[in-house]
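In: Could you work out the structure for the sequence below:
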Amino acid sequence: MLKKIISKIESIIALSQSVLSPKQFIFFSSVLVGISSAFAVIVLKTFAHWVFRFATYVTIHATFFKLGLLKVMLPVIGIMLTVFVVKRFLGGTIEKGTSQILYAVAKKASIIPKKQMYAQIVTSSLTVGLGGSAGLESPIVITGAAFGSNYAQKYSLNYKDRTLLIGCGVAAGVAAAFNAPIAGVLFAIEVLLVDVSISAFTPIMIAAATGALVSAMVLDETILLNFTGRQTFNYHNTPYYILLGILTGFVSIFYTRNFQKTEHFFNRIKIPPYKKAFFGASILALLIFIFPTLFGEGYESIKTLSESDPGQLLENTLFSDFRNNNWALLAFVGCSFMLKAFATGITLGSGGNGGNFAPSLFLGSYVGFFFSKFLNLTGLTKLPISNFTMVGMAGILSGLFHAPMTAIFLIAEITGGYGLMIPLMIVSSISFAISKAFEKHSLDVKSLARKGHAFTSNKDTNVLSTLDTNSIIQTDYLTILPDENLERLVDLISHSNQVIFAVVNKENQLLGIVHFNDIREIIFNPYRVKYTLVKEIMKTPIDIIYPTDSMEIVMDKFETTKVAFLPVLKNGIYYGFISKSIALEAYRTKLRSMTIE
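Out: Residues are numbered from 1 along each chain as shown. Down below sits the predicted model:
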């Protein structure tokens with residue numbers, strides 16, 4: 001029955017493709033991709049929400065679970081099940097994080113494997129839904145991108161349209177997850193896409209609006225992260241927002257480095273996957289036992305912090321006796337946000353699946369609360385804690401993902417208005433500037449940059465990384481021996497289009513190069529041509545290119561040497577030449593193919 005329904009839908013889509021113009025079909029497709037991404041959000045969010053509710057209910061009402069033992073057990077079960085699913089059904093590996101979308105766009109012609117249409121939903125629901133300390137937004141984004149890519153492949157769309165529909169899936173996923181369509185559009189453009197013209201905004205906006213609409217119609221509003229306790233912005237608090245921006249910038253750096261250290265620690269452990277999963281999950285369980293706020297996405301605790309009685313966080317914990325002690329609450333909140341980087345690193349490093357989007361919001365709200373609550377308790381000032389809790393989220397999100405516009409509009413949308421726009425702009429921009437000064441790349445692309453892969457914050461680097469150096473090496477250039485005279489060289493010039501020649505020995509080792517300009521003055525002097533040896537006029541190459549050099553390195557060498565040709569050596573032997581003009585033409589061709597219009 002399901003197959004018949006799917007077949008019918010595919011027939012309708014195929015018919016629409018034949019009837020609609022290419023641009024109209026993209027608009028139509030953006031709606032379908034938006035709907036698909038929204039339902040992925042609904043499945044993931046609903047499952048995670050009800051598991052959290054169940055765990056909370058049992059913790060409160062069952063004697064055995066009075067100290068949150070269920071919240072300790074569930075993450076262990078979730079991570080172990082995730083490893084089982086990955087090994088048993090997904091070929092033993094699964095890509096994590098939105099960096100894989102960047103890599104697919106830059107290196108894989110925007111082709112994302114089909115398994116990502118369901119693998120992320122299944123594994124992240126087990127990990128995060130059962131309490132792993134990570135977020136669902138990254139799996140949601142990858143799933144949306146996979147829907148867009150595979151839809152485009154199904155209907156034979158080109159690279160530009162595949163990339164555009166990936167952006168549509170990403171925008172719809174973020175929009176549906178937060179009921180924030182503007183933030184969805186900005187995230188797709190600011191974080192993931194290389195270059196988008198104004199006309200390309202339309203399908204991305206359509207997809208984001210569709211995702212937000214479907215989410216609003218189907219998903220229970222209480223599941224989404226939203227706030228009602230926002231207070232009016234007071235410009236007298238501007239200096240404190242500046243300080244919060246500085247603090248969130250440095251906390252972003254702290255999170256980035258410690259998350260990656262923790263994840264790399266587990267990657268280096270050479271033990272069987274199930275043992276690694278149990279080892280990591282056990283450490284996570286201990287952290288959650290002491291700090292239950294580290295359970296799952298943490299959105300429920302974010303809402304609690306912004307309400308009038310944040311002391312609820314200490315209920316049913318080891319610190320419940322200090323429920324009404326503000327300093328104890330402050331210490332609890334401080335420890336929670338300091339440990340979040342390690343909890344998320346353990347969750348993902350030990351075998352779980354999830355992302356850093358939700359942890360960034362968790363961390364930001366806790367930092368904002370800690371900062372404002374501390375100043376209020378010291379009596380130095382009286383700050384609106386709920387505002388600082390919300391604005392702190394924008395600071396960390398901007399610092400971690402290097403996406404200030406997304407951070408500003410996401411928090412503006414989920415707080416129900418733009419009354420906090422000024423402090424959001426202050427905190428996000430300062431946090432971004434500080435994080436960028438110490439961390440050149442955002443959290444998601446840092447691993448790609450370390451491997452030498454593309455990253456979308458640098459358009460030229462991204463385009464060049466898609467080019468293969470070997471594809472522009474010309475290996476059919478004629479060569480000459482050093483002891484031959486210029487008569488031989490003139491003969492080669494007259495029978496070819498070459499203007500540059502490699503001088504090699506009998507073992508084909510490069511000794512020097514001769515350019516036509518080097519013999520222009522003596523070419524019409526028969527005596528000098530006959531009695532001048534090649535080795536007398538050859539020059540040492542200014543620089544050498546190797547087939548393993550990236551195109552970015554190649555272009556840097558051309559820029560530095562200011563020459564039109566550079567020789568290529570392979571295993572120490574002369575291999576050919578690269579022409580700067582051919583390299584630039586390859587760059588321009590690729591740039592045209594990658595520009596989304």
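
In: Can you report how many residues neighbour residue 191?
Out: Residues near residue 191, counting by other CB atoms under 10 Å, number 23. Backbone N, C-alpha and C define where each C-beta goes, glycine included.

In: again with the one 10 residues further on
Out: Applying other CB under 10 Å, we find 17 residues neighbouring residue 201.

In: ok, it touching residue 182?
Out: No: when contacts are counted by CB atoms under 8 Å, residue 201 is not listed as touching residue 182 (11.4 Å).

In: Strands of this protein, start to end?
Out: Ranges of strands in the chain, per DSSP state E, are 479-480, 500-504, 510-515, 565-570, 573-579.

In: Quick check: which of these is nearest to residue 403?
Out: Nearest to residue 403, of all the strands of the chain, is strand 573-579, at 36.5 Å by CB to CB.

In: got a list of contacts for the closest one?
Out: Identification of contacts with strand 573-579 by CB atoms under 8 Å, 6 or more residues apart in numbering yields 469, 472-477, 479, 500, 502, 504, 507-510, 545, 547, 554, 564-569.

In: Tell me the buried residues in that strand?
Out: Neighbour-count burial for strand 573-579 flags 574-579 (criterion: 16 or more other CB atoms under 10 Å).

In: and of those, the nearest to residue 534?
Out: Nearest to residue 534 among these, counting by CB to CB, is residue 574 at 14.4 Å.

In: Which strand residues bridge that closest one?
Out: residue 569 (DSSP bridges).

In: With the one 4 residues further on instead?
Out: The residues listed as beta-bridge partners of residue 578 by DSSP bridges are residue 566.

In: Okay, it and residue 510: tell me how far apart.
Out: 14 Å (CB to CB, to the nearest Å).

In: Kindly report the same for residue 246.
Out: Distance of residue 246 to residue 510, given as CB to CB: 54 Å.

In: more neighbours, these two?
Out: Neighbours were counted for residue 246 and for residue 510 using other CB under 10 Å; residue 510 has more, 20 against 16.

In: Hmm, the more buried one is touching residue 504, no?
Out: Yes: the pair residue 510 / residue 504 is scored as a contact, 5.8 Å apart, by CB under 8 Å.

In: how about residue 447, what does it touch?
Out: Shown in contact with residue 447 (CB under 8 Å, 6+ apart): 97, 99, 260.

In: Buried ones among those residues?
Out: 97, 99, 260.

In: from those residues, which is closest to residue 116?
Out: residue 97 (12.1 Å).

In: wait, the closest one sits on residue 445?
Out: No: with contact defined as CB under 8 Å, residue 97 does not count as touching residue 445 (9.4 Å).

In: now the residue nearest to residue 191 when sequence neighbours are not counted: how far from residue 409?
Out: Nearest residue to residue 191, sequence neighbours excluded (CB to CB, 6 or more residues apart in numbering): residue 403, at 5.1 Å. When distance is defined by CB to CB, residue 403 is 10 Å away from residue 409.

In: any shared contact partners between these two?
Out: Both residue 403 and residue 409 are contacted by residue 186, under the criterion CB under 8 Å, 6+ apart.

In: Low-confidence ranges, the stretch 401-550 of the chain, go.
Out: Low-confidence segments of the stretch 401-550 of the chain (pLDDT under 70): 417, 449-466.

In: Recalculate using a threshold of 90.
Out: Scanning the stretch 401-550 of the chain for pLDDT under 90 picks out 412-420, 440-472, 475-476, 478, 482, 484-499, 506-507, 515-537, 548-550.

In: Helices along the stretch 301-450 of the chain, start to end?
Out: Per DSSP state H, counting those that start in this stretch, the stretch 301-450 of the chain carries helices over the ranges 326-349, 357-378, 385-401, 404-414, 421-438, 443-450.

In: can you redo those as TSV with distance to residue 516?
Out: Listed next are the helices of the stretch 301-450 of the chain as TSV, based on distance: least, CB to CB, whole Å:
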stretch	distance to residue 516
helix 326-349	58
helix 357-378	58
helix 385-401	52
helix 404-414	52
helix 421-438	47
helix 443-450	41
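
In: So which of the ones you listed is nearest residue 105?
Out: Nearest to residue 105, of all these, is helix 443-450, at 11.2 Å by CB to CB.

In: from the buried residues of strand 573-579, which is closest to residue 34?
Out: Among the buried residues of strand 573-579, and counting by CB to CB, the member closest to residue 34 is residue 578, at 44.2 Å.

In: I'd guessed residue 283 sits against residue 349; true?
Out: No: using CB under 8 Å, residue 283 makes no contact with residue 349, being 10.2 Å away.

In: of those two, who's got more company?
Out: Set side by side, residue 283 and residue 349 show more neighbours around residue 349, with 23 against 16, by other CB under 10 Å.

In: Show the contacting residues for the nearest residue to residue 110 once chain neighbours are set aside.
Out: Closest residue to residue 110 apart from its sequence neighbours, by CB to CB, 6+ apart: residue 162 at 4.0 Å. Contact partners of residue 162, counting by CB under 8 Å, 6+ apart, are 109-111, 148-149, 152-153.

In: Residue 487: which of these is nearest?
Out: For the contacts of residue 162, the nearest to residue 487 is residue 109 (49.9 Å; CB to CB).

In: So for the spatially closest residue to that closest one that is not a sequence neighbour, what's the pLDDT?
Out: Spatial nearest neighbour of residue 109, excluding adjacent residues (CB to CB, 6+ apart): residue 159 at 5.5 Å. Confidence at residue 159, expressed as pLDDT, is 83.

In: Quick check: the gap between residue 159 and residue 590.
Out: Residue 159 sits 10 Å away from residue 590, going by CB to CB.

In: Now do the contacts for the residue nearest to residue 191.
Out: Contacts for residue 403 (CB under 8 Å, 6+ apart) come out as 186-187, 190-191, 397, 442.

In: Backbone dihedrals for it, please?
Out: phi -130, psi 70 (degrees, to the nearest 10).

In: Check the gap between it and residue 395 for me.
Out: 12 Å.

In: before we move on, the earlier item: and among the helices of the stretch 301-450 of the chain, the most buried is which?
Out: Highest mean neighbour count among the helices of the stretch 301-450 of the chain (mean count of other CB atoms under 10 Å): helix 385-401, with a mean of 30.
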